[in-house]
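# compute the structure for the input listed below.
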Amino acid sequence: MSKARAGDGDAFRALIEQHRAELQLHCYRMLGSLQDAEDALQETMLAAWQGIGGFEQRASMRTWLYRIATNQCLNARRSAHRRQAKEWDVPNVDPPEPTRLGEVVWLQPYPDTLLESAAAAPLRPEARYEQTEAISLAFITALQLLPPRQTAVLVLRDVLGFHANEVANMLNSTVDAVNAALKRARAALRSRRPPDADGAPPPGSPSEYAVVAKFVHAWESADVEALVDLLTDDVFISMPPIPFEYEGRDLFARFCASIFRAGRRFDLVATRANGQPAFGAYLRSPNAISHGTGLYVLTLAGDRIRAMTRFDNSALPWFGLPRSLPSR
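The predicted model follows:
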């Protein structure tokens, strides 16, 4: 610590490097975007480097870093420069009228490979969420719909387990204000929680694999009927940053039919995002090369698919997936 305070960069990195992965995940939960999270993390590290001389060790280094990161994320959430929605841009495809236009259009997926390094971070006894739920796309989306300070309070208290007085200090607030914000945030998340939110099969289990294998076969075969057989009645599809959202089997089927009717056929490459099954989607072309068009993330409920989120192809490199590959 004394070396870091004296301006030794190597000493400073030795102090903070063990916290980098969990801070990036914290910023992602706050912002819903891997790009924004990385920007906030860099700002956090710069602010910590500039402020290390004034760090009085009244709290732990980890708590101090979380205070800086949280406030960087709050500043980003308040910014007017958030990512804007995009128009429908799939050539020769005329999609059905969406159920609604989504409120959260800046959502991005989080690679499970990054979760592995963040999972070692300690959780306090007061943490209320299982870590698999606290990274799911449904949870991350719900956080983005909360007011910024409510998001911060809920993540710090219920996901990470910091005490109310610690959170109050991080936010320059009072314990009463923190408890009031937490109560409102919990109520808002309960109202958005699907009734079968705990029904997903365990990651990597045979039951998960069985659903995933059926989905891959149906999608690569453009078999709409087989796809519909895999869906819950209230299945939901979204495609940030395009705001279109579809709910229900009928609309899901009509949407998929509009894609396949245009002659679009895909190869899927398995990966994982947000603790959920995911696939790089590659559009086949006449020259035997499949070009990456997006990333699909599935939300499962038992032996059915409850939701599918489609992201654009900018997400592929984060998962180590190529921009193109030979068609199968």
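
# all contacts plus neighbour counts: C-alpha atoms, from now on.
Will do.

# in the longest strand belonging to the chain, what's buried?
Longest strand in the chain, counting residues (DSSP state E): strand 289-301. When burial is assessed from 16 or more other CA atoms under 10 Å, strand 289-301 yields the following buried residues: 290-301.

# now the stretch 101-250 of the chain, which segments are flagged as low pLDDT?
Along the stretch 101-250 of the chain, segments meeting pLDDT under 70 span 120-123, 125, 194-198.

# ok so, going back, same question for the longest strand of the chain, mean pLDDT?
In this model, strand 289-301 has a mean pLDDT of 97.

# still on that earlier bit, out of the buried residues of strand 289-301, who's nearest A177?
Among the buried residues of strand 289-301, T299 lies closest to A177 (CA to CA), at 34.6 Å.

# list the contacts of that closest one.
200, 276-277, 305-308 (CA atoms under 8 Å, 6 or more residues apart in numbering).

# can we see that at 10 Å?
Contacts for T299 (CA atoms under 10 Å, 6 or more residues apart in numbering) come out as 136-138, 197, 200, 235-237, 274-278, 305-309.

# show me what contacts the residue nearest the centre of the chain?
Geometric centre of the chain, nearest residue: P109, 4.4 Å, by CA atoms, centre = their mean. Going by CA under 10 Å, 6+ apart, P109 touches 28, 32-34, 135-137, 140, 272-274, 278, 295-297, 309-311, 315-316, 318-319.

# just the buried residues of those.
Of the contacts of P109, these count as buried by 16+ other CA under 10 Å: 28, 32-34, 135-137, 140, 272-274, 278, 295-297, 309-311, 315-316, 319.

# inside strands: which ones of those?
Cross-referencing the buried ones among the contacts of P109 against strands under DSSP E gives 272-273, 278, 295-297, 309-311.

# turn these into a markdown table, columns for distance to R265.
Below are these laid out as a markdown table (distance: CA to CA, whole Å):
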| residue | distance to R265 |
| --- | --- |
| R272 | 22 |
| A273 | 23 |
| A278 | 18 |
| L295 | 15 |
| Y296 | 15 |
| V297 | 18 |
| T309 | 18 |
| R310 | 16 |
| F311 | 17 |
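
# so what's D112 closest to, chain neighbours aside?
Nearest residue to D112, sequence neighbours excluded (CA to CA, 6 or more residues apart in numbering): A273, at 5.2 Å.

# am I right that that neighbour is in contact with R310?
No. Taking contacts as CA atoms under 10 Å, A273 lies outside contact range of R310: 11.7 Å.
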